[in-house]
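Enquirer: Curious how this folds, go ahead:
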Amino acid sequence: MQDSLACNSLPPETVPTGPVRVAAIQMAAGPNIYANLEEAGRLLDIAASRGAKLAALPEYFCLMGMEDADRVAAREQDNQGPIQEFLGNTAKRLGIWLVGGSVPLVSSRPDKVRNSCLVYNDNGEQVARYDKIHLFGLELGTERYAEEETIEAGQGVVALESPFGRIGLSICYDIRFPELYRSMGQVDIIFAPAAFTATTGKAHWETLIRARAIENLAYVVAPAQGGYHINGRETHGDSMIVDPWGVVLDRLPRGPGVVIADIDPEYQASLRSSLPALNHRTLRYF
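Expert: Numbers count the residues shown, from 1 in each chain. Model (predicted):
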């Protein structure tokens, strides 16, 4: 389990030298894990066929159960189980780096899971794991969500080096807490796989995603659940990829599909040189 800042390093020659294509996958997952994996694989095939070298799935891509407790029943041991096998095998088969939105993994409690974002390299090896820190809770009208009832919060901030730049990992509700991203150090790409509710998504999703991009001068890749689910839940969708200036490069409002954009390290470096806001910070809490 992640208890502190995790940082993986790569040799200097892996520093990106040109644009790379990235994909955000949007789904409307259901209670059948194998059907969800088949759909995820279909969409990842499309992403790879369009040139993506780095792709991300949404939160709960593998399971949107009829009840929250279903994720506990589906939990896997770290590095074991069909969901993780799918992620590793797909990354290797397609020759891509793959961010597996979130996977239910065992926790220290038998009645809870860790909601974990797993990253695989193009050899199919797991190179990072982030356990969701901030657990969503909402009581608004007839809507009630309490992730703490079935999820054990993570403790560690996770950033890693990759061939595409330094990556910071987060999941859904984390996007409301900018201090998480500041504590990562300077990251080039932020991943925010999500399953935002239709209510909160309509009000805040785009604003939050673009704000995290602007304040960190980073690309933000935000794959989301989007549509109506068999369990009666409606998720907001609007998966998007946003550049360091806050410009939405591509998006998908509703339904399953693939969002594609190119990440350009030279453009990002020029922005950070022209507006060195990250060097102008004076209040530091981490």
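Enquirer: contacts, neighbours, all on C-alpha from now
Expert: Will do.
Enquirer: Contacts made by the longest strand that the chain contains with the rest, please.
Expert: Criterion DSSP state E: the longest strand present in the chain is strand 97-106. For strand 97-106, the surrounding residues in contact (Cα atoms under 8 Å, 6 or more residues apart in numbering) are 53-62, 71-72, 74-78, 83-84, 87, 91, 112-122, 171, 193-194, 223.
Enquirer: Just the CA trace of that strand, in PDB.
Expert: Taking C-alpha atoms only, strand 97-106 is exported to PDB below (Å, rounded to 0.1, in the frame of the first residue of the first chain):
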ATOM      1  CA  TRP A  97       1.400   2.600 -21.500                       C
ATOM      2  CA  LEU A  98      -1.900   2.000 -19.800                       C
ATOM      3  CA  VAL A  99      -3.400   3.800 -16.800                       C
ATOM      4  CA  GLY A 100      -6.100   1.500 -15.400                       C
ATOM      5  CA  GLY A 101      -8.600   4.100 -14.000                       C
ATOM      6  CA  SER A 102      -9.400   2.200 -10.800                       C
ATOM      7  CA  VAL A 103      -9.400  -1.400  -9.600                       C
ATOM      8  CA  PRO A 104     -10.800  -2.700  -6.400                       C
ATOM      9  CA  LEU A 105      -7.900  -4.200  -4.400                       C
ATOM     10  CA  VAL A 106      -7.800  -5.800  -1.000                       C
END
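Enquirer: what's the average pLDDT for it?
Expert: Across strand 97-106, the average pLDDT comes to 98.
Enquirer: What's the first helix or strand after that strand?
Expert: For strand 97-106, the following helix or strand on the C-terminal side (DSSP states H and E) is strand 113-120.
Enquirer: Tell me the gap between stretch 127-135 and the middle of its chain.
Expert: Put simply, stretch 127-135 sits 10 Å off its chain's centre (Cα atoms, centre = their mean, to the nearest Å).
Enquirer: Could you number the chain from 63 rather than 1 from now on?
Expert: Sure, I'll start counting at 63 from here, so that last one is stretch 189-197.
Enquirer: end to end, how far does that stretch reach?
Expert: End-to-end span of stretch 189-197 (Cα to Cα, to the nearest Å): 24 Å.
Enquirer: And for stretch 222-229?
Expert: End-to-end distance for stretch 222-229: 5 Å, by Cα to Cα.
Enquirer: Quick one: distance of that stretch to the chain centre.
Expert: 14 Å.
Enquirer: just stretch 160-177 next, same as before
Expert: Centre-to-centre, stretch 160-177 and its host chain are 14 Å apart (Cα atoms, centre = their mean).
Enquirer: for it, which positions count as buried?
Expert: Within stretch 160-177, the residues that count as buried by 16 or more other Cα atoms under 10 Å are 160-169, 174-177.
Enquirer: again, but for stretch 311-320
Expert: Neighbour-count burial for stretch 311-320, counted by 16+ other Cα under 10 Å, picks out 312-314, 316-320.
Enquirer: and if you look at stretch 81-101?
Expert: For stretch 81-101, the neighbour count (16+ other Cα under 10 Å) marks 82-93, 95, 98-99, 101 as buried.
Enquirer: Just the buried ones among the contacts of strand 159-168, please.
Expert: Buried by 16+ other Cα under 10 Å: 115-124, 133-134, 136-138, 140, 145-146, 149, 153, 174-184, 233, 255-256, 285, out of the contacts of strand 159-168.
Enquirer: so which strand or helix has Ile271?
Expert: Here Ile271 is covered by helix 268-278, with elements defined by DSSP H and E.
Enquirer: Which secondary structure elements does that helix sit against?
Expert: helix 240-244, strand 281-284, strand 301-304 (3 or more Cα pairs under 8 Å, 6 or more residues apart in numbering; DSSP states H and E).
Enquirer: at 7 Å what do you get?
Expert: With contacts taken as 3 or more Cα pairs under 7 Å, 6 or more residues apart in numbering; DSSP states H and E, helix 268-278 sits against strand 281-284.
Enquirer: what about the strand it packs on, distance to the chain center?
Expert: Remark: strand 281-284 is offset 8 Å from the chain centroid, using Cα atoms, centre = their mean.
Enquirer: Can you tell me what sits against that strand?
Expert: Contacts with strand 281-284, where a contact means Cα atoms under 7 Å, 6 or more residues apart in numbering, come from 86, 250-255, 271, 275, 301-306.
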